[in-house]
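S.K.: Just need the structure, nothing else, for what follows:
(2 chains)
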Amino acid sequence: KAGVTQTPRYLIKTRGQQVTLSCSPISGHRSVSWYQQTPGQGLQFLFEYFSETQRNKGNFPGRFSGRQFSNSRSEMNVSTLELGDSALYLCASSRPGVNTGELFFGEGSRLTVL
Amino acid sequence: GQQVMQIPQYQHVQEGEDFTTYCNSSTTLSNIQWYKQRPGGHPVFLIQLVKSGEVKKQKRLTFQFGEAKKNSSLHITATQTTDVGTYFCAGPGGATNKLIFGTGTLLAVQP
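M.R.: Presented below is the predicted three-dimensional model:
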């Protein structure tokens, strides 16, 4: 069974640009969560999607947005990039019908903003 | 908002020594999960504890959930170099039950 797949794995952007990250969950998993990981702030929750609906949202500005498609694949978008957005963005999926159960993380997308 | 703190932030041990990391939540948790993240890797689920006072073992790893369900610990006996990484605890928090991760403990093991 394939794991959570995130693309791209690495990317470099400049301030003011926008970026879209993609996440394909484990087959059969309908919940997808996104986390931002930085050395200073640790793992910060961005948002969670379930059946194409945003179920939870963390304390991030509106520049951070996401969506989920009918096949459970998810994308997150960051507009007007700032230097502080440089981070590892992790996507995680969980089994259906399991609330706050085990999260299966992808390898992450490492974003560098110059 | 809810906070989950871990101590220590960093621990350096000699191979064969024991290691313990402690996790403390500002609110009562319905369950606690532990994850390990190897350097350059992604968090990997280790275990979930649900009951007050619960103790679970995985080979050299012992996990404990506090009686008040606000704290937890992970103890590694006789560390090995393969134990290197950051250990995170995580618990559901807020009205929407999203998983909140602790600050993490980075374990370095010197052979």
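S.K.: any idea how far B:R60 is from chain A?
M.R.: 21 Å (C-beta to the nearest C-beta, to the nearest Å). For every residue, glycine as well, the C-beta is placed using N, CA and C.
S.K.: contacting residues for that residue?
M.R.: B:76-80 (C-beta atoms under 8 Å, 6 or more residues apart in numbering or on different chains).
S.K.: Please report how far it lies from B:G16.
M.R.: Between B:R60 and B:G16 the computed distance is 11 Å (C-beta to C-beta, to the nearest Å).
S.K.: can you list contacts of the helix or strand of chain B with the lowest mean pLDDT?
M.R.: The weakest-scoring helix or strand in chain B, judged by mean pLDDT, DSSP states H and E, is strand B:98-101 (a mean of 90). The contact list for strand B:98-101 (C-beta under 8 Å, 6+ apart) reads A:33, A:35, A:42-43, A:45, A:48, A:56, A:58, A:100, A:103, B:2-4, B:33, B:35, B:88-94.
S.K.: Then stretch A:6-17?
M.R.: Residues from elsewhere that reach stretch A:6-17, judged by C-beta under 8 Å, 6+ apart: A:19, A:21-24, A:80-83, A:89-91, A:106-114.
S.K.: ok, which of these also contact chain B?
M.R.: A:90, A:106-108 (C-beta under 8 Å from any C-beta of the partner chain).
S.K.: out of the contacts of B:R60, who's nearest chain A?
M.R.: Proximity of these to chain A, judged by C-beta to the nearest C-beta, is greatest for B:I76, which lies at 20.4 Å.
S.K.: From the contact counts, what lies against the helix or strand B:L106 falls within?
M.R.: Per DSSP states H and E: B:L106 is located in strand B:105-110. When contacts are defined as 3 or more C-beta pairs under 8 Å, 6 or more residues apart in numbering or on different chains; DSSP states H and E, strand B:105-110 packs onto strand B:10-14, strand B:19-25, strand B:85-93.
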